[in-house]
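Asks: Just need the structure, nothing else, for what follows:
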Amino acid sequence: MAEHSPSRSASAGQEVNHAESTAASLRSKCVQLLMSAIRPEPQELETATALAAEVERHIHCIHTSNQVKYKACVRSKVSNLKNPKNRHLRQGLLSGSLSPEAFARMSAEEMACPELRREREEYSSRGVSERQLPRGVEGTATRQLRCERCGGSDCSVTQVDRGTLFLPAWVRQGGPDDQAMTFVTCSSCGQQWYHSGWICL
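Replies: Numbering: from 1, shown residues only. Okay, here's the model as predicted:
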């Protein structure tokens, strides 16, 4: 049975010690980066140091097996703490209204200032509304079509000019000369669909 030589075992032990030392050094550096990003006043230094250590510990727990994600998460937290528009993060940590664990788990969207979050919500809702078919356009009532959603046949057919709508590419089925688009609205459940999905009775 082969035996490990003392020199080989010692070498393996040194490699493990070096890796642990490097990891400890990285974590210590990340704590310092987080602490400096909090930008504490002299009287807040002790609190800020403890907060930075707690935030780093939670980030490390989340990304223990992935150093790349760990570093990226720390960089993101540092960047957001330094951003003048995100003063609410620093204030929340120092006041205790934002826990280190909650902050460590926050996404970039969640860390954004309230103003930016509102803008994103507006862009998102605007994008959805722009892709919806028009509401409140009076159509021609018909009972010759059936709704796939509720099975009702109380519908209205409406024709609009394609040029007035923002439509995804898959909707633009007509040629350049076909400027009219017809869609159906179910009066019972509000479902709307294009002519390609009609079910005639």
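Asks: For this protein, which residues score under the pLDDT cut-off?
Replies: Filtered on pLDDT under 70, the chain yields the residue ranges 1-16, 116-117, 119-138, 160-181, 195-201.
Asks: Where does the record place the domain boundaries for it?
Replies: Structural domains assigned to the chain are 20-126, 133-197, following automatic domain parsing.
Asks: Please identify the most buried of those.
Replies: For the domains of the chain, the largest average neighbour count (mean count of other Cβ atoms under 10 Å) is found in domain 20-126, namely a mean of 15. Quick note: C-beta positions are derived from backbone N, CA and C, even for glycine.
Asks: What segments of this structure are helices?
Replies: Using DSSP state H, the helices of the chain run over 6-38, 45-62, 67-82, 87-95, 100-105, 108-111, 114-131.
Asks: and these as JSON lines, adding distance to C155?
Replies: Formatted as JSON lines, the helices of the chain follow (distance: least, Cβ to Cβ, whole Å):
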{"stretch": "helix 6-38", "distance to C155": "58"}
{"stretch": "helix 45-62", "distance to C155": "51"}
{"stretch": "helix 67-82", "distance to C155": "50"}
{"stretch": "helix 87-95", "distance to C155": "49"}
{"stretch": "helix 100-105", "distance to C155": "47"}
{"stretch": "helix 108-111", "distance to C155": "39"}
{"stretch": "helix 114-131", "distance to C155": "21"}
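Asks: For G152, find the nearest of those helices.
Replies: helix 114-131 (24.3 Å; Cβ to Cβ).
Asks: List phi and psi for the residue nearest to H88 when sequence neighbours are not counted.
Replies: Distance criterion Cβ to Cβ, 6 or more residues apart in numbering; nearest residue to H88, sequence neighbours excluded, is C113 at 6.6 Å. Main-chain torsions, C113, degrees, to the nearest 10: phi -70, psi 150.
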